[in-house]
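> show me how the following folds:
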Amino acid sequence: MAIYFDNSATTRVDKRVVEAMLPYFEDIYGNPSSLHSLGRTAREHLESAREKVANLISAEPEEIIFTASGSESDNLALFGIARALKDKGNHIITSNIEHKAITEACEELEKEGFEITYLPVNSSGHIEIEDFKKAITDKTILASIMLANNEIGTIQPIKELATYAREKNIIFHSDAVQAVGKMKVDVSELGVHLLSFSGHKIYAPKGIGVLYVDRELKDILKPIIYGGHHEFGLRAGTENVPYIVGIGEACEIISNELDKDIAHIKTLRDRFEQRVVTEIPHCYVNGGEPRICSVSNITFKYIEGEALMVYAGEICCSTGSACSSDSMDASHVLKAININPVDAHGALRFSLGRFNTLEEVDKAVEILKENVAKLRAISPLYQQIQNS
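Numbers count the residues shown, from 1 in each chain. Prediction:
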């Protein structure tokens, strides 16, 4: 039976979430914009879910915009602000370890005449605050820095960065797709103007995302989807009520169980890393503290990560971001923290979650030990090292 250690790619939907969603497919199926009774009932439940989402991140319900994904939320934040403020400036700051939903949006914005600064990170995978301050110009209108990295789990100093951005009248967005559910996320404490996350990373379905928009920006942000006045005029399209109810339920569960989830997942992650690093020679963990509890990116020297995934097929894991899994290039995140390119190809990302167990951790370590040994036995590079 598979050991699922790929929760950063997607999570299993919690049964409590499934149960909460079911009535909205057959019984409460009205269009929430309709004025009849079924429509009004659907609207009531949609707004109840909006409150649950808002409560999780200490926002107001009217500051929550529902989208179809974390990527759409990121795109709405970047394109919506950049195009709205282009008369005030054309400079945007981000980092060189962002998800493709940010980096590819920035590449498109460059085609529209915007200038992008990609901040480096240090060897532990963190942005230096002074680098951020030095990057700001009188043309800077927007900064977008992820809260937690999807490949190595590093947590960025968002509160300090956002505070400085506000002092300089710069809009600050954070991609929190990997952070929500793995750490406390409080938009008022962080000081961000916009924040994105996704349902399928927090035990809700794929196909539902959230963008928090500070109320100050709701009259400024430009939509990227047109056709109706849904979601306060910022995201046209009839709301997906079952999925919105699902993410609302998922957020309420996290509100009640976050500390328990973090403690459980961190225990698993720490045991996994400790055993792998001590019991399998020539391995090391990529990325330094602080980092979220769920992600463990480990380099297995002298072998290919893809080959280890095939050999250790019972373990569901990743060579990096699931959105980049069809690329043979070394991870841009590992490049950014100056991991040797050969070592980078031997890295795997294991991401643990609510439903994993200590038994799975111990079994996974034994599977890895066996298959790393097999691959190194046929590795010319490893044999050369052994004989030198």
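> right, and Ala250 touches His200 too?
No: in this structure, Ala250 is not within contact of His200 by C-beta atoms under 8 Å, at 9.5 Å. Yep, even glycine has a C-beta here, placed from its N, CA and C like the rest.
> compare the two and say which is more crowded by neighbours.
Ala250 (30 against 23; other C-beta atoms under 10 Å).
> wait, isn't Cys106 in contact with Ile92?
Yes: contact between Cys106 and Ile92 holds when scored by C-beta under 8 Å: they sit 6.5 Å apart.
> and for those two, which residues touch both?
By C-beta atoms under 8 Å, 6 or more residues apart in numbering, Cys106 and Ile92 have these common neighbours: Leu78, Phe114, Ile116, Ser144.
> ok, back up a step: which one of Cys106 and Ile92 has more residues nearby?
Ranked by neighbour count (other C-beta under 10 Å), Cys106 and Ile92 place Ile92 first, with 28 against 21.
> okay, and that one sits in which element?
strand 91-95 (DSSP states H and E).
> list the buried residues of that strand.
His91, Ile92, Ile93, Thr94, Ser95 (16 or more other C-beta atoms under 10 Å).
> and the helix or strand where Thr117 lies, which strands flank it?
Taking DSSP H and E as the definition, Thr117 sits inside strand 115-119. Strand 115-119 has the following strand partners under DSSP bridges: strand 91-95 (parallel).
> identify the residues contacting the strand it pairs with?
By C-beta under 8 Å, 6+ apart, the list of residues contacting strand 91-95 reads 78, 82, 102-103, 106, 109, 114-121, 127, 132, 135-137, 139-146, 156, 170.
> only whichever of those are buried, select them in ChimeraX.
Selecting only the buried entries of the contacts of strand 91-95 in ChimeraX, with 16+ other C-beta under 10 Å as the criterion:
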select :78,82,102,103,106,109,114,116,117,119,121,127,132,136,140,141,142,143,144,145,146,156,170
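> what's the angle between the helix or strand following the strand holding Ile92 and strand 115-119?
Next helix or strand after strand 91-95 toward the C-terminus (DSSP H and E): helix 100-111. If you take axes from the mean of the first three to the mean of the last three C-alpha atoms, to 10 degrees, helix 100-111 sits at 140 degrees to strand 115-119.
> pretty sure Asn55 contacts Cys251?
Yes: taking C-beta under 8 Å as the definition, Asn55 is a contact partner of Cys251 at 7.3 Å.
> helix/strand/coil for Leu375?
Look at Leu375: counting by DSSP: H, G, I helix; E, B strand; the rest coil, its state is helix.
> gap between the next helix or strand after the strand holding Thr117 and the chain center?
The C-terminal neighbour of strand 115-119 among helices and strands, as given by DSSP H and E, is helix 129-135. Between the centre of helix 129-135 and the centre of its chain there are 23 Å (C-alpha atoms, centre = their mean, to the nearest Å).
> quick one: contacts for Ala330?
Pro341, Ala344, His345.
> chain neighbours aside, what residue packs nearest to Ile244?
Ala49 (4.9 Å; C-beta to C-beta, 6 or more residues apart in numbering).
> elements contacting the strand or helix carrying the one you found?
Assigning secondary structure by DSSP H and E places Ala49 in helix 37-56. Applying 3 or more C-beta pairs under 8 Å, 6 or more residues apart in numbering; DSSP states H and E, we find helix 37-56 packed against strand 64-67, helix 241-279.
> among the contacts of Ala330, which one lies nearest to Ser71?
Ala344 (24.4 Å; C-beta to C-beta).
> the closest one: neighbour count?
Using other C-beta under 10 Å, the number of residues around Ala344 comes to 22.
> any idea how far Asp138 is from it?
Noted for Ala344: a distance of 38 Å to Asp138, by C-beta to C-beta, to the nearest Å.
> all the strands of the stretch 151-300 of the chain, residue numbers only.
171-175, 194-198, 209-213, 283-285, 295-300 (DSSP state E, counting those that start in this stretch).
> can I get those in CSV including mean pLDDT and distance to Asp270?
Formatted as CSV, those follow (pLDDT from 0 to 100; distance: least, C-beta to C-beta, whole Å):
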stretch, mean pLDDT, distance to Asp270
strand 171-175, 98, 26
strand 194-198, 98, 25
strand 209-213, 98, 30
strand 283-285, 97, 11
strand 295-300, 98, 9
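> in JSON lines: the ones you listed, plus distance to Asp259 and mean neighbour count.
Formatted as JSON lines, the strands of the stretch 151-300 of the chain follow (distance: least, C-beta to C-beta, whole Å; neighbours: other C-beta atoms under 10 Å):
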{"stretch": "strand 171-175", "distance to Asp259": "22", "mean neighbour count": "28"}
{"stretch": "strand 194-198", "distance to Asp259": "19", "mean neighbour count": "29"}
{"stretch": "strand 209-213", "distance to Asp259": "22", "mean neighbour count": "27"}
{"stretch": "strand 283-285", "distance to Asp259": "24", "mean neighbour count": "17"}
{"stretch": "strand 295-300", "distance to Asp259": "19", "mean neighbour count": "25"}
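> tell me which of these lies nearest to Glu44.
strand 209-213 (19.3 Å).
> now for that closest one, which elements pack on it?
strand 64-67, helix 70-84, strand 194-198.
> pretty sure Glu72 contacts Gly209?
Yes: shown here, Glu72 and Gly209 form a contact pair, counting by C-beta under 8 Å, at 5.6 Å.
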